[in-house]
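Asker: This is a predicted model, with the sequence first.
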Amino acid sequence: MISNACVWSTAPTDVTLSPDDVHIWRINLERSPSNLQTLQATLSSDEKAKAERFYFQQHRQRYIAGRGILRAILSRYLHVEPQAIQFNYEPQGKPVLAEIFARSGVSFNLSHSHSLALCAVTNNRLIGVDVEYIRSVSDIANLSQRFFSPREDAVVRSLPPQEQQKVFFRYWTCKEAYLKATGVGLTQLEQVEVFLSPKEPARLNHQQWSLIELVPASNYVAAAAVAGTNINLQCWEYE
């Protein structure tokens, strides 16, 4: 069981962000050519250059869609044009808003897998989100032993093969969401312990953090990690 507390609904025209709010935006990265052209026009020069470095057209288009829609979403909170948004990057590559937007208090994180992306937005809190498409992984046992704690690895190994894949990706998304929130690289993956089972929602071994598991679409799992408790979760569909 995953605690899918989200009902994906259309966002209001004027989104507001209270101190306890956590907004999760679900984004379809498959966009029309005209929409991609509009989104690309909002990107910075370095984002456009990065898009051109993708070898496959599909990957290039999904990157343009993800970054362009991220800008479109953030523009609703910052009340500026999407192309006016500026980013800085933390040592591990996590994008954050540039100093000129620091007073807004807006914190965000973006994750994508295949044709789906999630954008998490909150107010003056650390936040991370991760989404993964559940795919067949042949070396689950080795990966679980390498990246998970002995207790987590034992949980994965105790399950029948058809359940191991999903639980493996649940562990992975929960861990990565927390590491992205804290700005720590994946080299610390095994040091984050998550408590879950096939019938129970996940929780972190950190009391001052909230962990939210999500089912954004069929064959996907996702998680968001947010500093603090008593959050007000709202889930929006980006049209």
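Answerer: Received, thanks.
Asker: Strands along the chain, start to end?
Answerer: Ranges of strands in the chain, per DSSP state E, are 9-10, 21-28, 87-89, 95-97, 106-113, 116-123, 127-133, 194-197, 200-204, 209-214, 220-227, 232-237.
Asker: Show me what the mean pLDDT comes to for the third one.
Answerer: This means strand 87-89. Average pLDDT, strand 87-89: 92.
Asker: In it, which of the residues would be classed as buried?
Answerer: The neighbour-count check on strand 87-89 (16 or more other Cβ atoms under 10 Å) flags residue 87 as buried. C-beta coordinates here come from the backbone N, C-alpha and C atoms, glycine included.
Asker: try the fourth one
Answerer: With burial defined by 16+ other Cβ under 10 Å, the residues of strand 95-97 counted as buried are 96-97.
Asker: Point out the most buried one among the strands of the chain.
Answerer: strand 220-227 (a mean of 26; mean count of other Cβ atoms under 10 Å).
Asker: quick revisit: which of the strands of the chain sits closest to residue 142?
Answerer: Taking Cβ to Cβ, strand 127-133 is the member of the strands of the chain nearest to residue 142, at 17.9 Å.
Asker: returning to that earlier point: how about the strands of the chain in JSON lines, adding distance to residue 53?
Answerer: As requested, the strands of the chain are exported to JSON lines (distance: least, Cβ to Cβ, whole Å):
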{"stretch": "strand 9-10", "distance to residue 53": "35"}
{"stretch": "strand 21-28", "distance to residue 53": "22"}
{"stretch": "strand 87-89", "distance to residue 53": "17"}
{"stretch": "strand 95-97", "distance to residue 53": "17"}
{"stretch": "strand 106-113", "distance to residue 53": "17"}
{"stretch": "strand 116-123", "distance to residue 53": "19"}
{"stretch": "strand 127-133", "distance to residue 53": "23"}
{"stretch": "strand 194-197", "distance to residue 53": "34"}
{"stretch": "strand 200-204", "distance to residue 53": "35"}
{"stretch": "strand 209-214", "distance to residue 53": "31"}
{"stretch": "strand 220-227", "distance to residue 53": "27"}
{"stretch": "strand 232-237", "distance to residue 53": "30"}
